[in-house]
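> coordinates only, sequence not included:
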């Protein structure tokens, strides 16, 4: 859908200070129809890379390549892209409906199509009751929802969201993630940055990690989890609290008639045989994999 090819961005400060390398030879691609999370600590280069793709700033080296699906030129591709910046600006004296009309006109959306789509999105985002109110009366969460509405009301093929869940309460975060999933299931490619790793683990099929301006990982969430899969297994048994196990275990926990034992792979079959031979009930055996958050912080270190 869109590719960053060997993108480098250097910010020159002044003659007395060294230049700042915000992006260092970064290459990755967004697969058409994917929901991709963009992770990295503050200052990793996420926002800079988005601004380069959207034409807000130029790369020092490298290029951005758009798929023909988006358009025959960068201008056409950007016309089919929706963007919600981390700190959007809203005209405070306009109502929500007027702001939507203004942004729709910039996108070339026919008024009849815009009105129908806006009403649907406003109802889904639960701000339809406020479309006639000035934006200066909107709360932080309502403004975030309005920003999302105008980012997708022109029915873009690619949706880029920079920290879209920032500042939302738990209910708002859940509703936002549901909306992102909904437009993704409609065939839209969704690319969003976040600091909350669990948001990516819950919603995305692909992930991109940036670390200090360099690409740390790009690919499927499942592939990343498999790559960092533990060689340990969790064995769950129904047995008495005074049961003893000869098989070496990494950890053991008893609660309400259930033993949860963690063993290295080499001892897994031995523990199962021992437990069954002792009359314990085998409730389950599963690999103990690292969470995406653990993997992320491991890549950052």
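Great, that's in hand. Worth saying up front: this structure is predicted, and the values here are computed from it rather than measured.
> middle-most residue in this protein, spatially?
residue 37 (2.6 Å; CA atoms, centre = their mean).
> give the partner strands of the strand or helix carrying it in its sheet and their orientations.
For residue 37, the element it lies in under DSSP states H and E is strand 35-39. If you go by DSSP bridges, strand 35-39 pairs up with strand 189-193 (parallel), strand 206-211 (parallel).
> what's the angle between the helix or strand that it is followed by and strand 206-211?
Following strand 35-39 in sequence order, the next helix or strand is helix 46-53 (DSSP H and E). If you take axes from the mean of the first three to the mean of the last three CA atoms, to 10 degrees, helix 46-53 sits at 110 degrees to strand 206-211.
> which positions in the following helix or strand past helix 46-53 come out as buried?
Next helix or strand after helix 46-53 toward the C-terminus (DSSP H and E): strand 61-66. Residues of strand 61-66 classed as buried: 62, 64, 66 (neighbour count, 16 or more other CB atoms under 10 Å). All C-beta spots, glycine's among them, are computed from the backbone N, C-alpha and C.
> would you turn those residues into CSV with distance to residue 30 and pLDDT?
Converted to CSV, the buried residues of strand 61-66 look like this (distance: CB to CB, whole Å; pLDDT from 0 to 100):
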residue, distance to residue 30, pLDDT
62, 16, 96
64, 11, 94
66, 10, 92
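> quickly list the domain ranges of the protein.
If you go by automatic domain parsing, the domain ranges for the chain are 2-226, 230-300.
> part of a helix, is residue 114?
Yes: read with DSSP: H, G, I helix; E, B strand; the rest coil, residue 114 is one of the residues of a helix.
> could you shift the numbering so residue one becomes 788, and keep it that way?
Okay, using 788 as the starting number, the last item reads as residue 901.
> correct me, but it touches residue 937?
No: counting by CB atoms under 8 Å, residue 937 is not a contact partner of residue 901; they are 10.1 Å apart.
> now for those two: what residues contact both?
Here residue 901 and residue 937 have 887, 891 as joint contacts, going by CB atoms under 8 Å, 6 or more residues apart in numbering.
> which of these two has more residues huddled nearby?
Shown here are residue 901 and residue 937; by other CB atoms under 10 Å, residue 937 has more neighbours (24 against 20).
> what strand or helix carries the more buried one?
Per DSSP H and E: helix 927-939 holds residue 937.
> do residue 948 as well
strand 945-949.
> how about residue 1048?
Residue 1048 belongs to strand 1045-1051, assigned by DSSP H and E.
> list the buried residues for that strand?
1046, 1048-1050.
> and which of these is nearest residue 955?
For the buried residues of strand 1045-1051, the residue nearest residue 955 by CB to CB is residue 1049; the value is 36.0 Å.
> who does that closest one bridge with?
residue 1021, residue 1038.
> per-residue pLDDT, it?
With respect to pLDDT, residue 1049 has a value of 89.
> can you list contacts of the strand holding residue 948?
788-789, 817, 833-834, 837, 840-841, 857, 864, 867-873, 935, 938-939, 967, 970, 975-980.
> again, only using 6 Å
788, 834, 837, 868-873, 939, 975-980 (CB atoms under 6 Å, 6 or more residues apart in numbering).
> and these, which are buried?
Neighbour-count burial (16+ other CB under 10 Å) applied to those gives 788, 834, 837, 868-872, 939, 975-980.
> can you name the two of those residues that sit furthest apart?
Across those (CB to CB), the longest gap, 21.2 Å, separates 834 and 975.
> how close does residue 948 sit to residue 960?
With distances taken as CB to CB, to the nearest Å, residue 948 is found 13 Å from residue 960.
> and these two? which has more neighbours close in?
Of the pair residue 948 and residue 960, residue 948 is the one with more neighbours under other CB under 10 Å, namely 24 against 18.
> mind listing the helices in the protein by residue range?
Counting by DSSP state H, the chain has helices at residues 833-840, 861-866, 883-894, 898-912, 927-939, 957-972, 984-990, 1008-1014, 1052-1064, 1079-1087.
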